[in-house]
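>>> heads up, no residue letters with this:
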């Protein structure tokens, strides 16, 4: 078991090893979410490494032994709103506080309101956002049988 503190840091996806590890963590994490919500069509679950790297996102991650084991990626549109695009933890690192650590680090490094969406049946993610002060703003059904919960954290 890894006992050293895991400190969030910016990730550079131009680095092949970092990008490959982040992609693998995302695939493993989204596989768990797909099973939780009963929907296999989560877009990042089917995203190539090149497609992931092409996303206009900023990345923070936590590493263990130099390898990313969790990350958060976000974009900021033309307004002051931050949109969390993905927050993933490698399943072997679940329940160690990494998602909370990354979410706090993102909030500490940014300003403005924050939005995020997740599968409505993804109880761990829904609980994480609610504990962090996000308010549920709605539910959408982008595909038959798939309910997405949307959240917003108002700051400022």
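Thanks, I have it. Since the structure is predicted, the reported quantities are computational estimates derived from the model, not experimental observations.

>>> centre-most residue in the chain?
In the chain, the C-alpha nearest the mean C-alpha coordinate belongs to residue 87, at 0.9 Å (Cα atoms, centre = their mean).

>>> which strand residues bridge it?
For residue 87, the beta-bridge partners are residue 72 (DSSP bridges).

>>> which ones are touching it?
For residue 87, the contacting residues are 71, 72, 73, 99, 102, 103, 116, 125, 128, taking Cβ atoms under 8 Å, 6 or more residues apart in numbering as the criterion. Quick note: C-beta positions are derived from backbone N, CA and C, even for glycine.

>>> residue 23 now?
Residues in contact with residue 23, defined by Cβ under 8 Å, 6+ apart, are 47, 49, 52.

>>> what's the answer for residue 96, then?
Applying Cβ under 8 Å, 6+ apart to residue 96 gives the contacts residue 6.

>>> assumed it was part of a strand.
No - under DSSP: H, G, I helix; E, B strand; the rest coil, residue 96 sits outside any strand and is assigned coil.

>>> any idea how far residue 116 is from it?
With distances taken as Cβ to Cβ, to the nearest Å, residue 96 is found 21 Å from residue 116.

>>> try residue 103
Residue 103 is 9 Å from residue 116, where distance means Cβ to Cβ.

>>> ok, the closest residue to residue 119 other than its chain neighbours - how many residues close by?
Residue nearest to residue 119 in three dimensions, not counting chain neighbours: residue 37, with 3.5 Å by Cβ to Cβ, 6 or more residues apart in numbering. Counted with other Cβ atoms under 10 Å, the burial measure for residue 37 works out to 20 neighbours.

>>> what residues are up against residue 37?
Taking Cβ under 8 Å, 6+ apart, we find residue 37 in contact with 119, 120, 121, 122, 146, 147.

>>> what do you get if the cut-off is 7 Å, keeping everything else the same?
Shown here is residue 37, whose contacts under the criterion Cβ atoms under 7 Å, 6 or more residues apart in numbering are 119, 121, 122.
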